[in-house]
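Fold the following and give me the result.
(one chain, ligands or ions: 1)
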Amino acid sequence: FSLFPKKTHVQINNDLGSGIDLTVHCKSKDDDLGERHLGYHNNFDFGFRPSIFQNTLFFCSFQWNGLFHRFDIYVQIRDSLLCPVIKETLRLYPPAPLVPRETIEDCTVAGFHVPSGTRLLVNLRKLQRDPNVWDKLPDFMPERFLSDRANIDMRGQDFELIPFGSGRRICPGITFSLRVLPLVLARLLHGFEWGTVGDKAIDMSESPGLTNHKATPLEVTLSPKLPSMISASIKMHTTYNQ
Ligand code: HEM
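Numbers count the residues shown, from 1 in each chain. Predicted structure coming up:
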């Protein structure tokens, strides 16, 4: 449980097209950020520290060319779960579940003698579902990263969650991935209503292999939430908070 949640930043860009001005007016329950007029390619940034009570709400109205739209830009209970959802997904379904290593000298681990030159596969999937470490297995429970596991990070120091590996061969794509994943996920959730064909539950079973693939292909239905021009012109930048 964190008493001082990390700062969240919102950036609104006017990408509507040359010569089209955008008027933005953002408010929270107790703050009025005032009306802003954004020329083409101008942006408006604001930052805030979400409440420990999970009830922060920011909403903005947008006006351009006689059109008017209002959005809930930040709903804490909805949006603070974005990064925990990614962590929980990488915990239960690490894309590279087996990490290979070879010992360079004799050693003893937990009473077992391991000679030099031994090849071993570290089973991340098993480690990240260890019932001695993680409760409520195998439930998908992103909320755990908002409370008792709030400070856990995935950069190879907290060994109960190492989806990118650890040590000198740790994944070099880690920073890129931790930036891009929340942005892509936020865009997809922001842009579409998601469903499954005939409301069928998604089969999450995996097929065996060095990389983790779904056993059955994912079939979803998507419907755009907004006219494409609007969704293409509002960008929310989420800062990944570990
Ligand atoms: C969610 C995304 C990703 C996950 C979960 C992931 C996971 C991993 C894991 C577990 C390893 C083995 C690490 C170890 O041996 O300790 C690895 C290695 C590697 N990853 Fe990633 N990876 C991701 C994205 C990427 C991206 C985007 C790139 C490139 C742009 C990348 C490039 C590499 C390379 C080159 C290695 C081999 C490093 C070495 O052996 O020295 N990965 N990754």
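
can I assume Ser177 sits in a strand?
No - under DSSP: H, G, I helix; E, B strand; the rest coil, Ser177 sits outside any strand and is assigned helix.

Okay, strands next: where are they in this structure?
Ranges of strands within the chain are 8-13, 22-28, 32-38, 43-48, 57-64, 67-75, 98-102, 107-109, 112-114, 119-123, 192-196, 206-207, 213-214, 220-224, based on DSSP state E.

Which neighbouring elements make contact with the last one?
If I follow you right, that is strand 220-224. strand 192-196 (3 or more Cβ pairs under 8 Å, 6 or more residues apart in numbering; DSSP states H and E). For every residue, glycine as well, the C-beta is placed using N, CA and C.

Could I get the phi/psi values of the residue lying closest to Ile77 once chain neighbours are set aside?
Closest residue in space to Ile77, ignoring its immediate chain neighbours: Gln54 at 5.2 Å, by Cβ to Cβ, 6 or more residues apart in numbering. Phi and psi for Gln54, reported as degrees, to the nearest 10, are phi 60, psi 30.

What is the neighbour count of Gln54?
For Gln54, the count of nearby residues is 13 (other Cβ atoms under 10 Å).

In contact with it: list those residues for me.
Gln76, Ile77, Ser80 (Cβ atoms under 8 Å, 6 or more residues apart in numbering).

surely the first one meets Pro50?
Yes - under the criterion of Cβ atoms under 8 Å, Gln76 lies in contact with Pro50, with a separation of 5.0 Å.

Flag the shaky bits of the chain, pLDDT-wise.
1-4, 138, 226-242 (pLDDT under 70).

Glu102 is in contact with Val122, correct?
No - counting by Cβ under 8 Å, Val122 stays clear of Glu102, with 11.6 Å between them.

list the buried ones in stretch 15-28?
Judged by neighbour count (16 or more other Cβ atoms under 10 Å), stretch 15-28 contains these buried residues: Asp15, Leu16, Leu22, Val24, Cys26, Ser28.

Give the buried subset of the contacts of Gln54 as a PyMOL selection command.
Selection command for PyMOL covering only the buried members of the contacts of Gln54, criterion 16+ other Cβ under 10 Å:
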select buried, resi 76+80
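
for the contacts of Gln54, which one is nearest the ligand?
Ser80 (20.5 Å; Cβ to the nearest ligand atom).

got the contact list for the nearest residue to the closest one once chain neighbours are set aside?
With Cβ to Cβ, 6+ apart as the criterion, Ser80 has its nearest non-adjacent residue at 6.1 Å, and that residue is Pro50. Pro50 sits next to Pro5, Thr8, Thr56, Tyr74, Gln76, Ser80 when contact means Cβ under 8 Å, 6+ apart.
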